[in-house]
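> Take a look and give me a structure for this.
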Amino acid sequence: MNPPAVLQTPGFAHYSLAWSPFFNSRLALASSANFGLVGNGRLHIVSLVPGPGGLPTLKLDKFFESQDGLYDLAWSEAHENHVVTASGDGSIRLWDVTLDNLAIGVWQEHTKEVFSIDWSNIQKDTFVSSSWDGTVKIWKPDRPRSILTLQAHQSCVYQALFSPHQPELISTCSTDGTLKIFDLRSPAYATGPSTNTFTNPLSAAVLTVPASASEVLTLDWNKYRPLVLASGSVDRMVKVWDCRMVKMGDSQVGGTCECSLPGHEYAVRKLQWSPHQADLLATASYDMTCRIWNTIPMGPQPPLRYIHDAHTEFVVGCAWSLYDEGLLATCSWDSRLNVLRP
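Numbering: from 1, shown residues only. I've put the predicted structure just below:
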């Protein structure tokens, strides 16, 4: 395998990355000074370009400064130059990457760190955020405040994601060891003239999955199998959950664990299903590796397919290219962005 393309951002530890849904060679990278504990943050816009000998290299196009660390980001599904970021000061900012260092939208409703953000690939004018304050909020970029608040968990919500199959479904994971699925069509979300979700957050999940005895740090929807999710947790386990037997609209506890994937030596910080193959999963861990798994192994072939161990600090992000099958990006607290083809 060729060595990975590498971009170094000195002084800023990475927290998350995302490929553009519009350009096959553009990435966005969220980072924080002092490992996100104190200080400012940066949003980096990066391009993958041909290099010497035909090998790709990474080019930093520009960066944007923020007053607090950035923990997550998502590209707009409706505008090719818009990126939304989640910040440690509880704010959410919308950036136009063609403009100078000034956010074009700012929202400040969360009362603690915003730890994840996700843009719906179906309802392309909608994104969702989750916070250490236990809430999940749904937003439209042209609205001055959130359009819906869910009291998803009683403790930190590490991630909230829209289903890529049904725009009304949102999955969450938390310090309480559960995955939850919320159905925005549920009658529990009906509001009257005297109620609103801004002051009365809603909390009825249609499914609660007891995924781990420890904190669940990350989850992802399978792109080909509706209601199949993967989770990664502090107990070092990666698990695949089948929730297809649950009738949406009922509040239930359940979900079937299809498989467990042991191997990481420390907590699993991020995972992502391949957008090209239904059984391929990438995971990033505090053990300084990114691993690739075949979740439906054929015959005697082991589920662990590849270990990327080029980082020297916690690996906190991994993302498959949306256009180029097999191309994977990883980012780490070592301030290195790697793009590789395992």
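
> alpha carbons only for contacts and neighbour counts from here, please
Will do.

> which sections of this structure are below the confidence cut-off?
The model of the chain has pLDDT under 70 over residues 1, 54, 187-203, 245-251, 297-299.

> count of residues packed around Phe22?
16 (other CA atoms under 10 Å).

> three-state assignment of it?
For Phe22, the assignment made with DSSP: H, G, I helix; E, B strand; the rest coil gives coil.

> Leaving out chain neighbours, which residue sits closest to it?
In this structure, Phe22 finds its nearest non-sequential neighbour in Glu80, 5.9 Å apart by CA to CA, 6 or more residues apart in numbering.

> Same check on Val253?
Thr208 (4.7 Å).

> Sort out which residues of the helix or strand harbouring that neighbour are buried, please.
Assigned by DSSP states H and E, Thr208 belongs to strand 207-210. Neighbour counts over strand 207-210 (16 or more other CA atoms under 10 Å) mark Leu207, Thr208, Val209 as buried.

> Contact partners for Leu281?
Leu271, Gln272, Trp273, Ser274, Ile292, Trp293, Asn294, Thr295 (CA atoms under 8 Å, 6 or more residues apart in numbering).

> repeat for Tyr224
Gln277, Ala278.

> try 6 Å this time
Residues counted as contacts of Tyr224 (CA atoms under 6 Å, 6 or more residues apart in numbering) are Ala278.

> In three-state terms, label it for me.
coil.

> Ramachandran coordinates for it?
Taking degrees, to the nearest 10, you get phi -120, psi -20 for the backbone angles of Tyr224.

> ditto for the one 3 residues further on
Dihedral angles phi and psi of Leu227 (degrees, to the nearest 10) take the values phi 70, psi 20.

> Thr289: neighbour count?
Thr289, neighbours per other CA under 10 Å, totals 24.

> Please save the CA atoms from the strand holding Thr208 in CSV.
Output in CSV follows, covering the C-alpha atoms of strand 207-210 (Å, rounded to 0.1, in the frame of the first residue of the first chain):
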residue,chain,number,x,y,z
LEU,A,207,-36.5,2.5,21.0
THR,A,208,-33.9,2.4,23.7
VAL,A,209,-31.0,-0.1,23.1
PRO,A,210,-29.0,-1.0,26.2
